[in-house]
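Asker: Provided below are the primary sequence and the corresponding predicted coordinates.
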Amino acid sequence: MIVIEKTDHFIMIPQHEHAGISGSIVDHWKNHFLLRSKLREEADWAIRQHDRAWIPLDEKPVWNDEKQRPYTFVDYPLEEKLLAYERGIGEVASKSFYAGMLCSMHYASFFQEDSHDPLIVEFLKQEEKRRKDLYEWMEMDIPYDVYHLHFKRLQFCDDLSLYVCMQEPGTPKEQEIPWFKDGFRQTFDFAPEGIYPQWDSARRVILDPFPFEQSFHVQIPYRRVYKEEIKRRGLVEAFQEADIDPVTVTFVGKEEKPPLS
């Protein structure tokens with residue numbers, strides 16, 4: 001769950017809905033940056049499905065007593081989160097071996113390889129084995145540069161979706177979350193120094209350089225869950241009954257700033 005706290009309510013966005021925005025983002029990727037192929041189709045599908053592990057967890061959000069707010073995807077209890085990761089990767093892999101490999105690599109990247117936490121060590125070990133098995137079952141050679149590009153696209157689309165979901169539209173650069181304040185971590189042939197985002201209004205994000213065919217919109221499904229409702233009805237019921245208030249955001253290139261409409 002993505003959670004933004006306000007004075008009298010929480011804005012809550014389920015992870016799988018955020019992943020759907022990631023999928024909408026990759027649909028607009030410039031074709032000459034990466035030719036369409038069967039592998040690209042499966043890689044794009046992985047982007048749309050990469051957070052399906054969170055579906056059952058986000059259906060019934062859990063209250064964090066220590067922080068007095070709902071648990072987020074960042075601080076959710078580790079053991080339950082890892083079990084969900086394993087299940088979600090398995091669901092994706094059951095439909096596409098290649099998408100399963102990419103999602104496994106994505107989740108594994110969250111953790112340090114030299115971690116001493118036995119839960120993390122076992123998770124990384126099992127996912128490495130899973131990726132080797134999936135690769136063998138595919139019975140084809142996948143050039144490393146293609147696989148690496150697909151993986152970077154997954155992480156970029158994930159990060160760009162998080163950029164617009166984890167902070168309110170129009171957030172000044174100096175107040176942005178640290179993860180993205182200095183630009184996205186991924187580099188590409190067309191963006192050797194990465195891609196830099198910035199809100200130029202409450203409805204528009206400028207990307208430099210611009211990796212998409214043209215400017216486009218996404219809708220962020222805000223659920224405003226009021227604190228009084230949580231006290232009265234409990235978090236799960238208050239969340240499940242909350243209205244969805246879509247917020248539209250437009251991505252544009254540095255030199256392409258169409259009028260608001």
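Answerer: Looks like it came in fine. Numbers count the residues shown, from 1 in each chain.

Asker: only C-alpha atoms from now on, for both contacts and neighbour counts.
Answerer: Will do.

Asker: how near is residue 82 to residue 125?
Answerer: From residue 82 across to residue 125, the span is 13 Å (C-alpha to C-alpha, to the nearest Å).

Asker: and residue 133, by the same measure?
Answerer: From residue 133 to residue 125 the distance is 13 Å (C-alpha to C-alpha).

Asker: again, but for residue 182
Answerer: 33 Å.

Asker: who's more crowded, those two?
Answerer: A count of neighbours by other C-alpha atoms under 10 Å puts residue 182 above the other of residue 182 and residue 125, at 15 against 12.

Asker: give me phi/psi at that one?
Answerer: Here is the backbone geometry of residue 182 (degrees, to the nearest 10): phi -100, psi 20.

Asker: what residues are up against it?
Answerer: For residue 182, the contacting residues are residue 196, by C-alpha atoms under 8 Å, 6 or more residues apart in numbering.

Asker: which pLDDT value goes with it?
Answerer: Residue 182 is assigned 93 on the pLDDT scale.

Asker: what's the distance between the closest residue to residue 131 other than its chain neighbours and residue 147?
Answerer: Leaving aside its chain neighbours, residue 131 sits nearest to residue 101 (5.2 Å; criterion: C-alpha to C-alpha, 6 or more residues apart in numbering). Shown here: residue 101 relative to residue 147, a distance of 10 Å by C-alpha to C-alpha.

Asker: okay, these two: which has more neighbours?
Answerer: residue 101 (26 against 17).

Asker: name the element that one belongs to?
Answerer: helix 97-108 (DSSP states H and E).

Asker: name the helices or strands packed onto that helix?
Answerer: Applying 3 or more C-alpha pairs under 8 Å, 6 or more residues apart in numbering; DSSP states H and E, we find helix 97-108 packed against helix 38-49, helix 78-95, helix 118-138, helix 144-165.

Asker: what is the shortest one packed up against?
Answerer: If contacts are counted by 3+ C-alpha pairs under 8 Å, 6+ apart, helix 38-49 sits against helix 15-26, helix 97-108, helix 144-165.
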